[in-house]
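Peer 1: Sequence and predicted model, in that order:
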Amino acid sequence: MSSKQKQKHPLIPPSEATRTTRPHHNDVLCGRGGTINDHPGNKQYRMMVDNKKRVYLSARFKREKRLIATGIVEQIRNLNPPGRFLMREGKNSSTWFDIGDVKAREKVSQALRENALAVRKEMEAEYAEKKKREAREEAIAAGKDPEEAVRLFMKNLDSGKKGSKKPLLPGKPIH
């Protein structure tokens, strides 16, 4: 079966039919605490989120962000066995229910936004390093002083930041 023919799961609403007392290794458990953080499905989920976080934070439009979050929900749902986003029925209950795709996407979107400021700063620092390296290489190729080229780049970068709220990268500006 080609990737275009691959069966997508239907939109899953929260329902009575999705209750379980036995979460499996692909399930994402909603809630807090060590037991939930250590669950294999949650570890796998966090890795998926971390792999898409930079793309999500660079997205310019809400639609793009929604598609990224939906993609992670679908990845979980398409695992074998299919992953579910489960919430405990009550504080001391042993019954879990699937929260459905809408709530799952909201959960994923929130996870993608966590530590956004630190990730954006890291992305901008990497971008600035890349640009410094390029300025150095261009100066060497032109027979000019590479350190002077970097100083000039940094001066332009600093003057651009002072007069503008525009970020180096797409997304929200860093303050």
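Peer 2: Received, thanks.

Peer 1: Tell me the pLDDT of the most centrally placed residue in the chain.
Peer 2: Nearest residue to the geometric centre of the chain (CA atoms, centre = their mean): Lys53, 2.3 Å. Per-residue pLDDT puts Lys53 at 95.

Peer 1: Quickly find the element holding it.
Peer 2: Lys53 is part of helix 40-58, with elements assigned from DSSP states H and E.

Peer 1: Quick one: residues contacting Ser94.
Peer 2: Thr21 (CB atoms under 8 Å, 6 or more residues apart in numbering). All C-beta atoms are positioned from the backbone trio N, CA, C, and that covers glycine.

Peer 1: Got phi/psi on it?
Peer 2: Dihedral angles of Ser94 (phi, psi; degrees, to the nearest 10) stand at phi -100, psi 0.

Peer 1: Return the set of buried residues in whatever helix or strand comes next after the helix holding Lys53.
Peer 2: Of the helices and strands lying after helix 40-58 in sequence (DSSP H and E), the nearest is helix 62-77. Using 16 or more other CB atoms under 10 Å as the test for burial, helix 62-77 gives Lys65, Ile68, Ala69, Ile72, Val73, Gln75, Ile76, Arg77.

Peer 1: What mean pLDDT does the longest helix along the chain get?
Peer 2: Ranked by number of residues, the top helix in the chain under DSSP state H is helix 116-141. Summarised as a single mean, pLDDT over helix 116-141 is 89.

Peer 1: what helices or strands is that helix leaning on?
Peer 2: helix 40-58, helix 146-162 (3 or more CB pairs under 8 Å, 6 or more residues apart in numbering; DSSP states H and E).

Peer 1: Tabulate those helices (JSON lines), appending distance to Trp96.
Peer 2: Below are the helices and strands packed on helix 116-141 laid out as JSON lines (distance: least, CB to CB, whole Å):
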{"stretch": "helix 40-58", "distance to Trp96": "11"}
{"stretch": "helix 146-162", "distance to Trp96": "48"}
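
Peer 1: Since that was my last question, I'll sign off now.
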